Structures are given as C-alpha cells and as structure tokens.
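**Student:** The following block contains a protein sequence and its predicted model.
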Amino acid sequence: MALFAIPAYFLLLYLKGLNVLAYIIVGAALLKCTFSVKGLRQAALKVKSLLVAGDLDKARFELHSLVKRDTRALPPPLLVSATVESVAENTCDSLVAPIFYFLLLGIPGAAGLPCGQHFLTP
C-alpha cells in the first residue's frame, strides 16, 4: 500500500506548496485513476451483446473475464445472473472502496488501495 500512497502523498504535498491549481488538477487525475469501472462495464456489455445475438458459447467464454467459476454449462438465465452478480460485487472494489478510502485517508489512501491495484488500471 505504501508503494503507491507515499509517492502520491509527497507529490500532492509538493504541489500544494507550489501551485494550488496544479495540486487540484493532479489530485483529481490521481483520484480518477483509482476507479476501474470502465473495464468492468465493457466486459459486461460484451457478454450482453453476445447473449442478445444468441452466441452462447462466446458469451460463456467472455464471462470468464468477470467470474472464475466454470461457465461451460450455464444456460442463458444463469449467464445473465452471473454477469449481474459479478458487476455488483466488483463495483464495490472498483468504485465504492476508492471513494471510501478517499473520504477516510484522502487521495493517498485511495491510491494505496489494496497495493495500488486500481491505480494500475484506470
């Protein structure tokens, strides 16, 4: 966690003393990088489009980017259920957790969220 939180802290501390506008812009950019809902949304929409097209085999394959369970035998209703459950669960990790840690510890807290995993996937 410190690998990402400490550099963010010192960068923002330096910028705050240098220029408040730069501090706000860089702080906003760092905070935005902690959210990773874009990839989650794209994966879910890919599964949806394949289900609508009736391509169950490809939908089952694409679902592997969201879930770790075996999807080879899932019927369409369970494919939809697995997609929705995964999106709901992962939203906590990719949106709610960074906001929580931002409110608790500021931008360094959000950037350090579990070992910076979200910081690496904007």
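**Tutor:** Nice, I can see it.

**Student:** just checking, L30 touches I107?
**Tutor:** Yes. The criterion here is C-beta atoms under 8 Å, and L30 meets it with I107 at 5.3 Å. Bear in mind the C-beta positions are built from the backbone N, C-alpha and C, glycine included.

**Student:** Between those two, tell me which one has more neighbours.
**Tutor:** I107 (23 against 20; other C-beta atoms under 10 Å).

**Student:** residues contacting the more buried one?
**Tutor:** 8-9, 12, 27, 30-31 (C-beta atoms under 8 Å, 6 or more residues apart in numbering).

**Student:** residue closest to the middle of this structure?
**Tutor:** What sits nearest the mean C-alpha location of the chain, by C-alpha atoms, centre = their mean, is S36, with 2.3 Å.

**Student:** so what's the backbone phi/psi at it?
**Tutor:** Backbone torsions of S36, given as degrees, to the nearest 10, read phi -130, psi 50.

**Student:** for this protein, what are the low-confidence residue spans?
**Tutor:** 114-122 (pLDDT under 70).

**Student:** ok, back up a step: just the contacts of I107: which are in helices?
**Tutor:** By the criterion of DSSP state H, membership of these in helices covers 8-9, 12, 27, 30-31.

**Student:** can you pick the most crowded of these?
**Tutor:** A8 (24 neighbours).

**Student:** just checking, it touches P108?
**Tutor:** Yes. Contact status for A8 versus P108: in contact at 4.5 Å, counting by C-beta under 8 Å.
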